[in-house]
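# Below are the sequence and a predicted model for it; my questions follow.
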Amino acid sequence: MSSRVCIVGVGQTHHRGPGGNLAYYEIAFDAARAALQDTGLTRGDIDTVLASGWDVLDGRTISDMYLVPAAGGYLKDSAKVADDGILAFAYAYMRIASGAFDTALVMGHGHAEGPTELVSNVTMDPFFYRPLGMSATAALALEACSYAAHYGVSEGQAAAVAEKNRRQGVNNPYAHLRSAITRDQVLASKVVAWPLRELDCRPESVGAVALVLCSEDRAKRIASSWATVEGIGWATSSYYIGATDLWRLDALANAARQAYVMAGIDDPMAELDVAEVHDVTSYHELMAYEGMGWAQEGSGGRLLEEGATSMEGRLPVNPSGGALSTNIGAGTGLLRVAEAALQVTGRADGRQVEARTALAHGVSGLAGSIGQTHGVVILRGR
Amino acid sequence: MTSQQEEPLTIDGRWDIPYRHTAGKAATRFFRELKENRRIVGARCPSCRRVLVPPRGFCERCFVPVDEFVEVEDKGTLTTFTIVYAHFTSLPPPPYCVGIIKLDGADTGLIHYVGGVDLQDMEAAKKAISVGMRLQAIWRDEREGKITDIEYFRPT
Amino acid sequence: MPRRVAIVGVGLTRCSSWRKDVAYPELVYEATSAALQDTGITPNDVDAVVYGCMDPFDGVNAPEKWNVDACAAAGMLNKPYLKISTGGTTGGSTALAAYYHVASGLHDVVLAVASQRVGETLEAQLVLNTAVDPVYERGFGMGAITIAAIQACSHMHAYHSTEEDLALVSVRNHENALNNPFAHLRTKFSVKDALGSPMLSWPLRLSDCCPSSDGACAIVFASEEKARKLARQPSWITGAGQITDNYFAGDRYWYEDWDSLAMLARRVYRLAKIDDPMREFDVAELYNAFTIQEILEYEALGFCEPGKGAEMVRRGVTAMDGQLPVDPSGGVLCTNAIGASGLIRVAEAALQVMGKAGQRQVPNVKKALAHSWGATIGFHTLMVLDREAP
């Protein structure tokens, strides 16, 4: 029988813009210390550490040599998932569920020391994609364009996502960008890769987030509140984007289905109280509503216009301000899990909604729409 | 399908990816001491009391922040070394000797060059350099706040 | 206790300095289709995929994106997909991740894939140099060869092992590789030849060092229920683990003993209920990228006392006809597709337990050990494979 897995602690730095005087693994150290302090545990109580992120973005081959000790993993059984931290979370979940480990620390970080677009360009194959200047943003733009054209989604509808998330980010004491913007400002911002404008895209933020997970048995002994993982799923999309329907996030639909089935959720709109969705672009949040089954195909924009996903709506999405307010590179999907955990344990200062069941979604966006792996985690608070 | 063997199609690639690495507070102090005060500092962990050279912002064993700096000697003992004779693209031209030096007062080793020895003749070099030997830092007169402010460590 | 997991099928590719006959996804496809065929399953039977490789050796960053569809059509079928990257231990780590995918109860049939195209990197040492801390250590031209040379210097100083001992290790592995159709280097030579090869980084010569190889490997892991249906003789995992030592190469400056490996061995032996490794293991696939490392590994793994590893080599204890054959495949010394090499060790050990190791089969293997190391030698993985379920 698998052990049930709980999140008992969260630590994050105050996310900010590039620069500063901390080496990237020192930022990770701060988040790990904060997570341990949050739980009252010490390094000695942790059995395993899972780091995340991309070497080439860090500018260090084998960057886990630095990250794992900084996350408390010195001499421990640890590993690095070279992708978004939500996938490191999935691996930590499996290690504990197997019964081989009891307590894990998962780390996600972003330090903006490397050029993300260029790094994503060298992720492309050198024959068919790279010479055409394909990069993460270009690949995401292809998806956004496809979605908008297929369903007639307007750029105004996408801009509304940015307006919502930036407005909500103001309430989050940890967010990087804490200033509201209007739809008009989004629509007036420079086109980066059509149809994506600057304000439809994520900023570059520096920060880290760490979570402490443990078995339910242990959680009961050491914590007064925790978030139990009720469902989890992840899935990837094809490299050959010319052969797939780019207007639908099929991998997300698969990941969400795995999580819903595990959690026993039949009607997500009714049964979820809050969601932290990885808004890699404003269009992608609308696509995510549909992939998650909250809106009919093509109707994501309307769901938002109805107010369903605002703070007062039926299913508030991104009370934290989302990735459009804070983008810590490969740590961003893990940050969604952290924020969801804070929501269901009543510790989301300034941005709290009444929530017992939360959904967290993360994407590995290194290559944009290519080989895009989505992770979905459903948490219930105790 | 051709019946002949075709030469494989290839494309040349080169990555020229710029980075700007942040050294962190501990390293910033270390390099300032090298440049301005011609001395080597380590960081002492408040918990295990090890003096860590090179210094770093936290002790990975005790998992606490480290911010006490102590001076260590600019001489020490060679714990191990190698002499590189092969040439690798963009790495220093051979021959060069790199070793780990435990400076007097430090609990961890520092990587640096061993120099002041003729390395061209391998047999002679192996006689001149040995594990356990004592070394002294040779400082540059013009220092920039880099690890190369020490030119090399010379056998004494 | 974790639920039982076994390896039920393996796929390997021919390795060479440059597999110029294939594009990257085709190379990976060679390994994954071989593994599926070996197991008798189709892509639809695979529940999840774990992919390991080191970035950025292949000239393509995060090549698991490019290769996703070569892994049992994972991208086209929107399968769960996870990438592992932990330096030289990547392959071993990938095996561990696949093991936990199944042990967790979430997945029943998991495909582990690892690859590297070191042949596409025109200067591998330069890439390895980028692993070394740029603030304090990188400027000294440290790479894998220099670190291994430092290990050799220390071991020779402390335990009086000799260059001849290293040559004996080299000769034995190269001879073993002649039995392995997938190995990269398959040439026989003598101790005299070895000692005459050029000195790269004293005391290591060319014959002491691994080649740079292109290659891929895939392994199918299964739950107990599936394993018993899919394989006549599954290879059960009875113990496994990983360890992470510190990153500054100078922190643990006594290189004559490989403490981090000894620590991990104690933990994994306890899990696998191994008391006397020399007597209980029938074969070991060790990550011997450099000859000296094999000697250090014998000592750290408790095959002999500290300092007595060279003696084992001289006495032929680890030869094919010795008490504990090491690296019948020729090891990493003959084939190093870096990110894949750790998984290849697991694959070779599994083939030995399953009795499918062809000409390199050691007779009657009940228990096998697979090892990998990585980083500035502070990472290790170990996996114990057994004919019988735990």
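That came through fine.

# For chain B, which residues are neighbours of chain A?
Applying Cβ under 8 Å from any Cβ of the partner chain, we find that chain B lies next to chain A at B:11, B:13, B:15, B:17-25, B:27-28, B:57-58, B:60-63, B:65. No exception for glycine: its C-beta is placed from N, CA and C like everyone else's.

# Buried only: go through these for me.
Buried residues within the residues of chain B next to chain A, counting neighbours by 16 or more other Cβ atoms under 10 Å in any protein chain shown: B:21-25, B:27-28, B:57-58, B:60-63, B:65.

# tell me, which of the residues of chain B next to chain A make contact with chain C?
B:13, B:15, B:21, B:23-24, B:27, B:60.

# Just name the lowest-scoring one in the residues you listed, pLDDT-wise.
The member of those with the lowest pLDDT is B:H21, at 68.

# from the chain's centre, how far out does stretch A:335-354 sit?
14 Å (Cα atoms, centre = their mean, to the nearest Å).

# Closest one of the ones next to chain C among the residues of chain B next to chain A to A:L359?
B:E60 (35.2 Å; Cβ to Cβ).

# Hmm, A:Y74 and that closest one touching each other?
Yes - counting by Cβ atoms under 8 Å, A:Y74 is a contact partner of B:E60 at 4.2 Å.

# anything in contact with each of the two?
C:N246 (Cβ atoms under 8 Å, 6 or more residues apart in numbering or on different chains).

# ok now do residue 124, which residues does it touch?
I'll assume chain A. A:130, A:134-135, A:367, A:370, C:60, C:66.

# hmm, I had chain C in mind actually
Per Cβ under 8 Å, 6+ apart, neighbours of C:A124: C:57, C:118, C:212, C:338.

# which ones are touching the spatially closest residue to the last one that is not a sequence neighbour?
Nearest non-adjacent residue to C:I338, counting by Cβ to Cβ, 6 or more residues apart in numbering or on different chains: C:Q116, 4.7 Å away. Taking Cβ under 8 Å, 6+ apart as the definition of contact, the neighbours of C:Q116 are C:53-54, C:57-58, C:213-216, C:337-341.

# Between which two of these is the distance greatest?
For the contacts of C:Q116, the maximum inter-member distance is 14.1 Å, found between C:D58 and C:S341 (Cβ to Cβ).

# ok, those two, which is more surrounded?
Neighbour count, other Cβ atoms under 10 Å in any protein chain shown: between C:D58 and C:S341, C:S341 has more, with 33 against 25.

# all strands of chain C, in order?
C:5-12, C:48-52, C:81-84, C:109-117, C:199-202, C:204-205, C:214-223, C:235-244, C:283-285, C:367-374, C:379-386 (DSSP state E).

# Could you tell me which ranges of chain B sit under the pLDDT cut-off?
Within chain B, the stretches with pLDDT under 70 are B:1-5, B:19, B:21, B:89-90.

# Looking at it, which strand is longest?
In chain B, assigned by DSSP E, the strand with the most residues is strand B:75-84.

# Near chain A, which residues of the stretch 201-350 of chain C are found?
C:241-247, C:260, C:263, C:267.
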